[in-house]
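>>> what would the 3D arrangement of this be:
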Amino acid sequence: HGQDRAFQLEIIARTVRAGVLAERELDYVFAAQLRRENAFHVMFVEILPNVLPPLLVEATVRLGYAIFAVASLSFIGFGIQPPSPDWGLSISANYGLIGAGYWWTVLFDGGAIATLVVAVNLAADGLQSALDDYIAKLIGKRIAAMLGANGKALPKRLVEKELASDVQDPRAEIQRLKGR
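Numbers count the residues shown, from 1 in each chain. Coordinates of the predicted model:
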């Protein structure tokens with residue numbers, strides 16, 4: 001059982017690592033480094049908000065697996081034991097009644113399990129959407145600073161100049177930071 005937990009943590013760690021490795025190569029991270037932001041700011045303000053959505057998806061998928069695993073173990077007798085309430089246990093107890101015309105006792109318990117998993121996934125989608133809106137609002141101020149008065153994007157050279165006002169050659173500084 002300890003190996004299963006370690007394997008699950010390893011998968012989550014790989015998901016986080018892959019997200020961080022992909023995000024750290026993007027220009028906004030280098031722009032933050034050019035602004036002389038500290039590592040804490042880059043990690044928690046620039047990278048973390050962009051890594052959270054995949055983690056949210058991973059967590060909800062794992063929650064769905066856990067719900068089905070507990071119900072399955074209870075159904076075969078290795079999970080929650082009577083008199084504790086459990087949908088898998090209820091399905092197991094009523095499974096023999098299907099032939100007697102009481103099919104609905106199994107159907108509704110199974111439907112409740114499926115509904116719970118779908119509800120968790122829908123709630124996660126809503127949370128991810130709200131999180132995306134929040135992130136967009138946070139970075140909106142930075143984007144607005146890069147826009148001209150008429151709402152059109154400034155030329156790249158002006159943006160680089162704005163982001164790296166104390167840096168003589170922004171491109172060389174970005175290459176230097178990438179080489180770390």
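
>>> any regions of this protein where pLDDT drops low?
Along the chain, the parts satisfying pLDDT under 70 run over 1-7, 135, 138-180.

>>> would you map the helices across it?
2-24, 27-34, 39-41, 48-76, 87-94, 104-146, 156-163, 170-178 (DSSP state H).

>>> same list (those helices) but as TSV, adding mean neighbour count.
Placement of C-beta: from N, CA and C, glycine included. Converted to TSV, the helices of the chain look like this (neighbours: other C-beta atoms under 10 Å):
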stretch	mean neighbour count
helix 2-24	12
helix 27-34	18
helix 39-41	10
helix 48-76	16
helix 87-94	20
helix 104-146	13
helix 156-163	15
helix 170-178	14
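
>>> what's V61 in contact with, if anything?
Contacts for V61 (C-beta atoms under 8 Å, 6 or more residues apart in numbering) come out as none.

>>> measure it to L52 for me?
For V61, the distance to L52 (C-beta to C-beta, to the nearest Å) stands at 15 Å.

>>> likewise V70?
As judged by C-beta to C-beta, V70 and L52 stand 26 Å apart.

>>> and if you look at Y102?
Distance, Y102 to L52, using C-beta to C-beta: 45 Å.

>>> got a list of what A32 touches?
41-42, 45-46.

>>> contact partners for the nearest residue to W103 once chain neighbours are set aside?
Among residues not flanking W103 along the chain, L97 sits closest, at 7.8 Å (C-beta to C-beta, 6 or more residues apart in numbering). Counting by C-beta under 8 Å, 6+ apart, L97 touches 103, 105-106.

>>> reformat those as TSV; add distance to A119.
Converted to TSV, the contacts of L97 look like this (distance: C-beta to C-beta, whole Å):
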residue	distance to A119
W103	24
T105	21
V106	20
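
>>> just the terminal-to-terminal distance for stretch 37-51.
Distance between the two ends of stretch 37-51: 19 Å, counting by C-alpha to C-alpha, to the nearest Å.

>>> phi and psi next, for G99.
Note on G99: backbone dihedrals following degrees, to the nearest 10 are phi -70, psi -20.

>>> roughly how far does it sit from A71?
G99 sits 22 Å away from A71, taking C-beta to C-beta as the criterion.

>>> cool, and S90?
From S90 to A71 the distance is 9 Å (C-beta to C-beta).
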